Structures are given as structure tokens and as C-alpha cells.
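K.L.:
coords please:
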Amino acid sequence: MNTYQPEDTLKQRGKIAPAELLQLYAAGERDFRGAYVTAGDLSHQDLSGANFRQAIFIQANLASAVLVGVNFREAILNGANLNQANLTLANLIGADLSEAQIRGANLTEAGMRSARLRHADLSEALLCDTNLNEADFEGTNLRQ
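P.N.:
Numbers count the residues shown, from 1 in each chain. Below you'll find the predicted structure:
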């Protein structure tokens, strides 16, 4: 008997709309590795524990989202809106956050080693125990 598995669709398609991502997440799916999340609104959503390793989020709106423990390792988040997001314990190692808006976000204990933060806005972000070794801060706003 051939039963439908949400992850099968994701692996075949690659691209995923925010509404579909939320449906899959609500159904228990957490593995979105390599997905291309099309432009859309994911603000104020709870996606804690999801795996977005090497995923692509261009111009995504994740403002005020709860992203505790999310794996964004080597993900592309160019121009993403992460203002006021909770990224506590998130893995952003090697992620590209160029031109991202991360104002007032909680990055407590986030791993951001080798993250690309060129021209990103991290003003008023909470960076307690955040690993920023080897991160690229060219043109980054770090005002507190």
C-alpha cells in the first residue's frame, strides 16, 4: 500500500510556499533541508525545532517568529525580515544573512560562526553567549 508522506512531496518539489510549509509543520514535519521557500509571510509563526539546513529564504518575512533551536546552517536568508524573532539556540553557522533585518531579535546562545552578515541590521539584538567567530560584519549595524 502506497501511503502519502509529506516529506516525499518536499523532496520531489524543492520549492514550497509558506502556507504549505505551515501545513506540513502542523502535521509534524520538521525536516525542510534544502527547501526553497517562496516569498511570503511567516511572521508570528512558531517553527521551533525545524531543520532548514541549506534552505533558501529570499526576502522572507519571519518577523516576530518563534524559531527556537531551528537549524539554519548554511541557509540563505538574504534580505529576510527577522525583526523581533526568537532565535534562541538557533544554528546559523555559515548562513548568509546579507541585508537581513534582525533588529531586536533574540539570538541568545545562537551559533553564528562564519555567518555572512554583510549590511545586515542587528541593532538592539540580544547577543548573549552568541558565537560570532569568523562572522563577516562588513557594513553591519550593531548599534545597541
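
K.L.:
And the helices in the protein?
P.N.:
Ranges of helices in the chain, per DSSP state H, are 6-13, 18-26.

K.L.:
All the strands of this protein, residue numbers only.
P.N.:
Ranges of strands in the chain, per DSSP state E, are 15-16, 36-37, 56-57.

K.L.:
For Asp136, list the residues it contacts.
P.N.:
If a contact means Cβ atoms under 8 Å, 6 or more residues apart in numbering, then Asp136 has Ser114, Ala115, Arg116, Leu117, Arg118 as its contacts. Placement of C-beta: from N, CA and C, glycine included.

K.L.:
Mean neighbour count, the strands of the chain: which tops it?
P.N.:
Of the strands of the chain, the one with the most neighbours on average (mean count of other Cβ atoms under 10 Å) is strand 56-57, at a mean of 22.

K.L.:
For this protein, which element, helix or strand, carries the lowest mean pLDDT?
P.N.:
Across the helices and strands of the chain, mean pLDDT, DSSP states H and E gives its lowest value to helix 6-13, namely a mean of 48.

K.L.:
returning to what we had before: which stretch among the strands of the chain comes nearest Arg73?
P.N.:
Taking Cβ to Cβ, strand 56-57 is the member of these nearest to Arg73, at 13.2 Å.

K.L.:
Tyr36 contacts Ile56, correct?
P.N.:
Yes - Tyr36 lies in contact with Ile56 (Cβ atoms under 8 Å); the separation is 4.6 Å.

K.L.:
Just send the contacts of Asp136 back as a markdown table, with neighbour count too.
P.N.:
Listed next are the contacts of Asp136 as a markdown table, based on neighbours: other Cβ atoms under 10 Å:
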| residue | neighbour count |
| --- | --- |
| Ser114 | 17 |
| Ala115 | 30 |
| Arg116 | 22 |
| Leu117 | 25 |
| Arg118 | 17 |
